[in-house]
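A.B. asks: what's the 3D shape of this:
(one chain, ligands or ions: 1)
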Amino acid sequence: MAKPLIAGNWKMNGLAADLTEAVALAQALAQQPAKARVALCPPATLIERAARALADSPVLVGAEDCHAQVSGAFTGDISAEMLADAGAVLVVVGHSERRAGHGESDADVAAKALAAARAGLEPIICVGETLAEREAGRALEIVTGQIKGSVPAALAGGAVTVAYEPVWAIGTGLTPTIPQIEEVHGAIRQALVEVLGPAGAEVGILYGGSVKPDNAVEILRATEVGGALVGGASLKAADFLQIIRAV
Ligand code: PGA
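C.D. replies: Numbers count the residues shown, from 1 in each chain. Predicted coordinates for the structure are as follows:
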């Protein structure tokens, strides 16, 4: 099984001055190493500076999205190759804020995940149901459908991580119960084995959505939870560190 990963997603937050938080995190982890892999995904404008500031530290730098093509007439977009060139080693793809706000389909997400692998980046492929879908009893069907549509079979055996992020838990302070998380993660595991074969049994499945210092221990202990994707609580080194220490 993959080593746990605790990844911070800064979303559209952070100016250069905020990299002091990233540096403080790296210093704390230098003094007491983490049991997990640790990554920070700042906005694209900060990737290169973050990569410089965190060079020789255990904190990996990731991106929040990438385009599927290598280059071309795609104004405002950034390719996976460009992110790797700037110093990223991971990239989040298919976050629900991209799926909802930018109309990204499972096929778009799969193409981005392949682009990430092509550029040597580890994709963190996100899936998750809306509140309406959960209330209709469709959470497992939605999430396994997203896995089958968004995780390309060609990624089998390569570096890839999946994140289960219920849309209704993101930024709301709400979280599923532990049995609900375990049920979905179990279904994701089965779907990953269907898509990737035996390699699907090794893929880390992160939980994301309102992970905080006070719920991290319980969530990270749950069956099939291989780490966390953390939004708001990754912006401050002290909070993020407490989550990392919960592994
Ligand atoms: P949150 O965001 O931790 O602020 O809920 C998680 C995410 O969207 O990755």
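A.B. asks: rest of the way, CA atoms for contacts and neighbours
C.D. replies: Will do.
A.B. asks: list the beta-bridge partners for L90.
C.D. replies: Legend: beta-bridge partners of L90 under DSSP bridges are G62, E122.
A.B. asks: what about it, how many residues nearby?
C.D. replies: Neighbourhood size, L90 [other C-alpha atoms under 10 Å]: 30.
A.B. asks: tell me which residues in whatever helix or strand E133 lives in are buried?
C.D. replies: According to DSSP states H and E, E133 maps onto helix 131-135. Applying a neighbour-count criterion of 16 or more other C-alpha atoms under 10 Å, one finds E133, R134 buried in helix 131-135.
A.B. asks: near the ligand, which residues of this protein?
C.D. replies: For the chain, the residues in contact with the ligand (C-alpha under 6 Å from any ligand atom) are N9, I170, G171, G208, G209, S210, V211, L229, V230, G231, G232.
A.B. asks: mind running it again at 5 Å?
C.D. replies: Residues of the chain lying near the ligand by C-alpha under 5 Å from any ligand atom: I170, G171, G209, S210, V230, G231, G232.
A.B. asks: alpha carbons of the helix or strand following the helix holding E133, in CSV - could you do that?
C.D. replies: Helices and strands here follow DSSP H and E; after helix 131-135, the next one along the chain is helix 139-150. The C-alpha coordinates for helix 139-150 follow below in CSV (Å, rounded to 0.1, in the frame of the first residue of the first chain):
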residue,chain,number,x,y,z
ALA,A,139,-23.5,8.2,-3.6
LEU,A,140,-21.8,4.9,-4.4
GLU,A,141,-23.2,4.8,-8.0
ILE,A,142,-22.0,8.4,-8.7
VAL,A,143,-18.5,7.9,-7.2
THR,A,144,-17.8,4.6,-8.8
GLY,A,145,-19.0,6.0,-12.1
GLN,A,146,-16.6,8.9,-11.7
ILE,A,147,-13.7,6.5,-11.0
LYS,A,148,-14.5,4.4,-14.0
GLY,A,149,-14.7,7.5,-16.2
SER,A,150,-11.9,9.6,-14.7
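A.B. asks: and the contacts of helix 139-150?
C.D. replies: With contacts defined as C-alpha atoms under 8 Å, 6 or more residues apart in numbering, helix 139-150 is touched by 94, 106-110, 113, 125, 127-130, 133, 184, 187-188, 191-192, 195.
A.B. asks: show me which of those are buried.
C.D. replies: Buried positions within these, assessed by neighbour count (16+ other C-alpha under 10 Å), are 94, 106-110, 113, 125, 127-130, 133, 184, 188, 191-192, 195.
A.B. asks: from the contacts of helix 139-150, which ones fall inside strands?
C.D. replies: Residues of these located in strands (DSSP state E): I125, V127.
A.B. asks: picking that back up, got a winner among the residues of the chain next to the ligand for most neighbours?
C.D. replies: V230 (27 neighbours).
A.B. asks: where's the closest residue to L19 other than its chain neighbours, which helix or strand?
C.D. replies: Once flanking residues are discounted, L19 sits nearest to A50: 6.7 Å by C-alpha to C-alpha, 6 or more residues apart in numbering. Using DSSP H and E, A50 maps to helix 44-53.
A.B. asks: follow-up on the earlier one: let me have the residues of the chain next to the ligand in CSV, extended by secondary structure and pLDDT.
C.D. replies: Shown next, in CSV, are the residues of the chain next to the ligand (DSSP: H, G, I helix; E, B strand; the rest coil; pLDDT from 0 to 100):
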residue, secondary structure, pLDDT
I170, coil, 97
G171, coil, 96
G209, coil, 98
S210, coil, 98
V230, strand, 98
G231, coil, 98
G232, helix, 98
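A.B. asks: quick one: the lengthiest helix in the chain to chain centroid distance?
C.D. replies: Secondary structure of the chain per DSSP state H: the longest helix is helix 178-196. Taking C-alpha atoms, centre = their mean, to the nearest Å, one finds helix 178-196 lying 16 Å from the centre of the chain it belongs to.
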